[in-house]
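>>> Show me the folded form of this:
(chains A and B)
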2 protein chains.
Amino acid sequence: MAAAMGDPALCKLQFAPFSSALDVGFWHELTQKKLNEYRLDEAPKNIKGYYYNGDSAGLPARLTLEFSAFDMSAPTPARCCPATGTLYNTNTLEAFKAADKKLLLEQAANEIWESIKSGAALDNPVLLNKFLLLTFADLKKYHFYYWFCSPALCLPESIPLVQGPVGLDQRFSPKQIQDLERAYDNLCQTEGVPALPYFLIKYDENTVLVSLLKHYSDFFQSQRTKVTIGVYDPCNLAQYPGWPLRNFLVLAAHRWSSSFQSVEVLCFRDRTLQGVRDIAHSIIFEVKLPEVAFSPDCPKAVGWEKNQKGGMGPRMVNLSECMDPKRLAESSVDLNLKLMCWRLVPTLDLDKVVSVKCLLLGAGTLGCNVARTLMGWGVRHITFVDNAKISYSNPVRQPLYEFEDCLVGGKPKALAAADRLQKIFPGVNARGFNMSIPMPGHPVNSSSITLEQARRDVEQLEQLIESHDVVFLLMDTRESRWLPAVIAASKRKLVINAALGFDTFVVMRHGLKKPKQQGAGDLCPSNPVTSADLLGSSLFANIPGYKLGCYFCNDVVAPGDSTRDRTLDQQCTVSRPGLAMIAGALAVELMVSVLQHPEGGYAIASSSDDRMNEPPTSLGLVPHQIRGFLSRFDNVLPVSLAFDKCTACSSKISIQFRIEQLHVTVTSL
Amino acid sequence: MAAAMGDPALCKLQFAPFSSALDVGFWHELTQKKLNEYRLDEAPKNIKGYYYNGDSAGLPARLTLEFSAFDMSAPTPARCCPATGTLYNTNTLEAFKAADKKLLLEQAANEIWESIKSGAALDNPVLLNKFLLLTFADLKKYHFYYWFCSPALCLPESIPLVQGPVGLDQRFSPKQIQDLERAYDNLCQTEGVPALPYFLIKYDENTVLVSLLKHYSDFFQSQRTKVTIGVYDPCNLAQYPGWPLRNFLVLAAHRWSSSFQSVEVLCFRDRTLQGVRDIAHSIIFEVKLPEVAFSPDCPKAVGWEKNQKGGMGPRMVNLSECMDPKRLAESSVDLNLKLMCWRLVPTLDLDKVVSVKCLLLGAGTLGCNVARTLMGWGVRHITFVDNAKISYSNPVRQPLYEFEDCLVGGKPKALAAADRLQKIFPGVNARGFNMSIPMPGHPVNSSSITLEQARRDVEQLEQLIESHDVVFLLMDTRESRWLPAVIAASKRKLVINAALGFDTFVVMRHGLKKPKQQGAGDLCPSNPVTSADLLGSSLFANIPGYKLGCYFCNDVVAPGDSTRDRTLDQQCTVSRPGLAMIAGALAVELMVSVLQHPEGGYAIASSSDDRMNEPPTSLGLVPHQIRGFLSRFDNVLPVSLAFDKCTACSSKISIQFRIEQLHVTVTSL
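Numbers count the residues shown, from 1 in each chain, chains lettered A, B, ... in the order given. The predicted structure follows:
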């Protein structure tokens, strides 16, 4: 009769599956791994999770993965059991969807099966607790798609309950419970593990003994028809064991069903409530081991997790909303840069670019465009110097300013530019100095600039150049480039110079003088006298960086006041609007290419003729000058030698002299 | 005794000088003239001012110049006297300062002197009222420097007062006053002028007569020792006449001192107070004409105005503060553009550029940079289409967005881009459409886009292309360019296409098919079959616009879904950060060059080989394609023919078919 038979569901053992618990830290670490290590590599990766048997009632049995999941040697948290898994991170959502989940499960199940058959699982029971994680990380949106699987081998038929689950305190006396607790703790301590996932138990009224699986034959020597096995059980339910028991029962059936007809299972649950440890809520029950002859083939397996809707399907977690927007912006910007290294330029040394400190002299049309391009390259340290205010005609051509900045006389450009960079990307370290650059030919005792102010400006400029790696000359007069060129030359700083005509431009790196001593700075590699010296350079081929000219080398007139007596169209640099964007972008790209060259600013200058040759850096050529002609949509790459009577960069003595002069002037105040 | 002699200052006639009154309208008009007409021309210009004799007491005697000053045929305001002047507008502040003011004054004085000697001033007394205006307009800052001069010839010695000034009502009876008023008005009416600067008066108790200077011999026939002259007097002071009397007295001395020993002067002042006209406050006095023999040389002259500080020096007016900032921004932006036309590219037709309506499909890296360059060129009508939202990685590379725009899921790009343009320049007409561009290979009935929405999108896209002149294709997928390319081809709109690789780009204009009929649109000149047809084009030389290929002409595969199954570095266009700025700038410069060509989009394509030849437009070449290679800092200008089986632009029938198909689809809803 049906009533006598009882509820068939109660008569057959059922298991509470794991819920995957993927911590934010896990996704963050996956992002980092993907960006910096895996890149396009889709090969399976070993990862590690853990589970706990001390949760409060009501919590599901969870398999937790956190940031430490990628470190196989990371310690398992106290009182937790480890689980090892395999990460399948795909490059595309399509690959994620198309992954052969049946096959992946079978492969994992087979490994478990082999460890059971070989006995390896007896020596190392963690082998029974495998998991799989299939992921796709959409790092543009911070959407993470995943599907978790904890493979469980299925016995050929269901497992009849001989005796239904009851609380441990209904079977064990308080003393037995205490003895079990002590015996388990001692074994963990002896083994040096925070918890034992599976163990053997022997008990009578006076003693409770526990042992490792690998000792089963010795331990169970005296037993005949029934053994007791212990399982560290993450489940909280009074009627059901958790998932880890499944593969253990398969092992038991495979190993012991010929010896024992039934197995008593103790689901070891261990919690501390208000400071008092308690294992009495553990459950205990007895199952009949199926008496089937196992074929050597791996049994059927299950384990792919259901999604939130209860169906078979992947889950998605959107972390963009719970991340700090500023952090999010930083990682997004990093991502875009790192993507370049994945496939296109694997040898690109991004750190050299991102860490460079750039001083922009001039925050006008060129300065704004240079700053924008530097931001695009991830440069974090940008300093502006300018003494002008934003006028109404600026915003349409100077892409860091808006109409509002022009009101009430206009904000100072240098400060407004730095503010704007912060608004674009809060992670940038941008500063602005509203100051004049002292210029030859411009009398300092004119009404607008006092002598004292000019001295302070010289000192300030020197300090700024000293504290930066690259100096961009982006002013609108020739003569304002002179003093920075002199100072930067004496300090061996890389100088990138850009200047506009109406539809022509020049973008160039200044020659970088040989250092007075070795290793004098980041941009001076330890051996700047390079291959070029050996090649015996012809006039304009293979000219190394230290022989290259500066902006003033081709000039024979000393810089004077070029702003005097200029008509309106000469005063403001009248140029085709696209020109500054092109020149500004090229100035930064030239800097980046130079930085990628192992010899930096000492690199041999590429010329137009080198366009057919193997490029010297992963990004291509490192020209001395790029001269552009917008009317012909053409660029040429001239190379010119330093002029030994140049007013800005000639002979160390002259430079030293000038600098010391300036020092004397400044310090004599 | 000193007391008997009286105050010598009272005994000699003194004159109240003119105050120059330069209206804001005058400076505005000067700005326009300078920008559009004078440009770099410094030659003297005739201008015109006026003065009034009806001001309230306390106001200085002003010579007013307003916007009408440049129109010599403009009517003089009612009851005002005209004065003709010469404008010397310099190109630089230095030229302004260096102007030879003594010489300018002497030249003007000499002209007056000649008109006195020749008698021309008798016929046309306005010749006595010359003025000079020396100006420098700093149109960048809206600072106007000026120095005004009303040249007055000096008699060899000072002019003794025979009888000091008294009010007219102390000398004339009410009837005489009324008679004078009537006689003056009648003479003005007869002459058809609003006022007479100088006139002759004869009076007794019963009659008051007035006459023109040229009739002096007839009019004064009966007089012996004294004549009365009238001067329209802008001065308000009871003791002093205004400046216009000076040259008149020199004329009188030169003409009449041999006949008459003294002259009675009536300074005619004419005001209306509370509706009642009154000339009784006019003043009258008598001076002794110096009995000197005039040499034929021009007497010494004075007249340069003192500045606000009371010294001899120029004045400056700063109009930037009193102008509406938005107007100011507009004129500043205009100025920068017009400066190009002054000297560099005098034949540049700015209107063709400024008035063009641009549709930007894509508001990402390329879209933002294209929009920025269009703004620089003064383009006022810019429309964005994009369906994406701003993500955290965008602002550092997409120069219309900031960090704030990324929060809360990100603003729609098209709308945010349009908003930003308004913030940059309030005068722009920018709109954004947050919509998808239907793409082949992307199923429309997917979850995100409904069929109905796709139909609406097609219709909307067609309307947008119809209502713009130039269509920019700036998307990040190949297939999204297809439908706009088809529609734009059928509507004969100029298409500018830009696409990025990692360090390469292509910027091109699509071939523009011959119109079905003549004069079918702005970009279709009336005779598109041009010189190129006659030349018998070789394979890749002299290919006219209508034979050029489109983006799809070189492709043999139909556009499909290129976003499917792409890895992260393929999904987002990973490119060197400077690339989009360069390509975006070149896309606009290409458009501008094409617009400058008399044949517009039908212009023969320039190739790399044409770089040595005479360019076809004032801005240079009009290539078909610009292909750039950033690693080599190189651009090439390939030209390719339209492919007669192109999936986008081949044969009108095919295009018509597709369009009509779309129409049917859309309208069948």
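>>> Could I get the buried residue list for the strand or helix carrying A:G303?
Applying DSSP states H and E as the criterion places A:G303 in strand A:301-304. Within strand A:301-304, the residues scored as buried using 16 or more other CB atoms under 10 Å in any protein chain shown are A:A301, A:G303, A:W304. Yep, even glycine has a C-beta here, placed from its N, CA and C like the rest.
>>> Which of the three states applies to the closest residue to the last one other than its chain neighbours?
Nearest non-adjacent residue to A:W304, counting by CB to CB, 6 or more residues apart in numbering or on different chains: A:C149, 4.6 Å away. Reducing the assignment at A:C149 to three states with DSSP: H, G, I helix; E, B strand; the rest coil gives strand.
>>> same thing with A:K423?
Counting by three-state DSSP, the backbone at A:K423 sits in helix.
>>> Pull the number of nearby residues for A:E37.
A:E37: 10 surrounding residues under other CB atoms under 10 Å in any protein chain shown.
>>> To clarify, my last question referred to A:D71.
11.
>>> ok, now how distant is it from A:K130?
18 Å (CB to CB, to the nearest Å).
>>> helices or strands next to the longest helix anywhere in chain A in the packing?
Secondary structure of chain A per DSSP state H: the longest helix is helix A:577-596. Secondary-structure packing of helix A:577-596 (3 or more CB pairs under 8 Å, 6 or more residues apart in numbering or on different chains; DSSP states H and E): helix A:350-354, helix A:365-376, strand A:470-473, strand A:494-500, strand A:504-509, strand A:625-629, helix B:365-376, helix B:577-596.
>>> what does the stretch 201-350 of chain A put close to chain B?
For the stretch 201-350 of chain A, the contact set with chain B under CB under 8 Å from any CB of the partner chain comprises A:320-321, A:325-326, A:328-329, A:331-333, A:335-336, A:339-340, A:342-345.
>>> Quick one: the strands in the stretch 551-669 of chain A, in order.
Assigned by DSSP state E, counting those that start in this stretch, the strands in the stretch 551-669 of chain A fall at A:625-629, A:634-636.
>>> looking at these, which is buried most?
For those, the largest average neighbour count (mean count of other CB atoms under 10 Å in any protein chain shown) is found in strand A:625-629, namely a mean of 21.
>>> For it, the averaged confidence score.
On average, the pLDDT along strand A:625-629 is 94.
>>> And for stretch A:475-485?
The predicted model assigns stretch A:475-485 a mean pLDDT of 88.
>>> again with stretch A:228-239
93.
>>> Kindly report the same for stretch A:575-584.
96.
>>> Stretch A:464-476 and chain B, any residue contact?
No: using CB under 8 Å from any CB, we find that stretch A:464-476 stays clear of chain B, coming within 12.0 Å at best.
>>> mind checking the end-to-end distance for that stretch?
Terminal residues of stretch A:464-476 lie 20 Å apart, using CA to CA, to the nearest Å.
>>> got the buried residues for that stretch?
For stretch A:464-476, burial by neighbour count (16+ other CB under 10 Å) applies to A:L464, A:I465, A:H468, A:D469, A:V470, A:V471, A:F472, A:L473, A:L474, A:M475, A:D476.
>>> quick one: contacts of it?
Residues from elsewhere that reach stretch A:464-476 (CB atoms under 8 Å, 6 or more residues apart in numbering or on different chains): A:356-364, A:366-367, A:370, A:381, A:383, A:385, A:433, A:437, A:481, A:484-485, A:487-488, A:491, A:493-499, A:522-523, A:551, A:572-573, A:584, A:587, A:591.
>>> can we see that at 7 Å?
Defining contact as CB atoms under 7 Å, 6 or more residues apart in numbering or on different chains, one finds that stretch A:464-476 is touched by A:356-362, A:364, A:366-367, A:370, A:383, A:385, A:433, A:481, A:484-485, A:487-488, A:491, A:493-498, A:522-523, A:551, A:573, A:587, A:591.
>>> repeat for stretch A:111-118
In contact with stretch A:111-118 (CB under 7 Å, 6+ apart) are residues A:A121, A:L127, A:L128, A:K130, A:P151, A:L153, A:N247, A:V250, A:L251, A:H254, A:C298, A:P299.
>>> any idea how far the fifth one is from chain B?
In this structure, A:P151 lies at 28 Å from chain B, with CB to the nearest CB, to the nearest Å as the measure.
>>> Correct me if wrong: that residue contacts A:L105.
Yes: contact criterion CB atoms under 7 Å: A:P151 and A:L105 qualify, at 5.6 Å.
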